[in-house]
Every structure is written in C-alpha cells, then in structure tokens.
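Undergrad: turn this into a model:
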Amino acid sequence: MTSTRQEQRVLQLSIAATIVVAAIGFSGGMLARSQAILFDGIYSLVDVALTLVALAVMRLMANEQ
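TA: Okay, here's the model as predicted:
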C-alpha cells in the first residue's frame, strides 16, 4: 500500500470518527439543552467538511502523478 493510499485511509477513518463525535455532541447538546455542547457538535461537522476537502485534494494529487 502506497503512502498516499495510507494517508487517504487515515483521513477516511478520521472523518468517520469525527462524524460519530459530532453526532454525540449534537444529540447531547439537544438533550442537555446546552448551547456550548451543541456548538461543539456543529464545530465537529465543520471539521468533517474541511477533512473532506483535504481528502479530495489528496485524491486529485494522486491522480495527477
């Protein structure tokens, strides 16, 4: 397995884990009626979006080589 494929796999695992954390934060914030916890869940979703962009860029770079 090449290093690019390994990096892509790590990013995919990171995305999956962050989605789980975001879901827990979002639902926990709703249940506790805490805006701080809810915001943390939403911030995790922003992190997912940025990681998806990084993964897309990495794939474009791999296709270019």
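Undergrad: the spatially most central residue of the chain: which element?
TA: Geometric centre of the chain, nearest residue: residue 48, 2.7 Å, by Cα atoms, centre = their mean. For residue 48, the host element (DSSP states H and E) is helix 35-64.
Undergrad: what mean pLDDT does that helix have?
TA: Here helix 35-64 scores 91 as its mean pLDDT.
Undergrad: which strands and helices sit next to that helix?
TA: helix 3-32 (3 or more Cβ pairs under 8 Å, 6 or more residues apart in numbering; DSSP states H and E). C-beta coordinates here come from the backbone N, C-alpha and C atoms, glycine included.
Undergrad: give me the buried positions along the helix it packs on.
TA: Buried residues in helix 3-32, counted by 16 or more other Cβ atoms under 10 Å: 8, 11, 15, 18, 21, 22, 25, 26, 29.
Undergrad: go through those residues and say which is closest to residue 54.
TA: When these are compared for distance to residue 54 (Cβ to Cβ), residue 11 wins out at 6.3 Å.
Undergrad: and that closest one, how far from residue 33?
TA: 34 Å (Cβ to Cβ, to the nearest Å).
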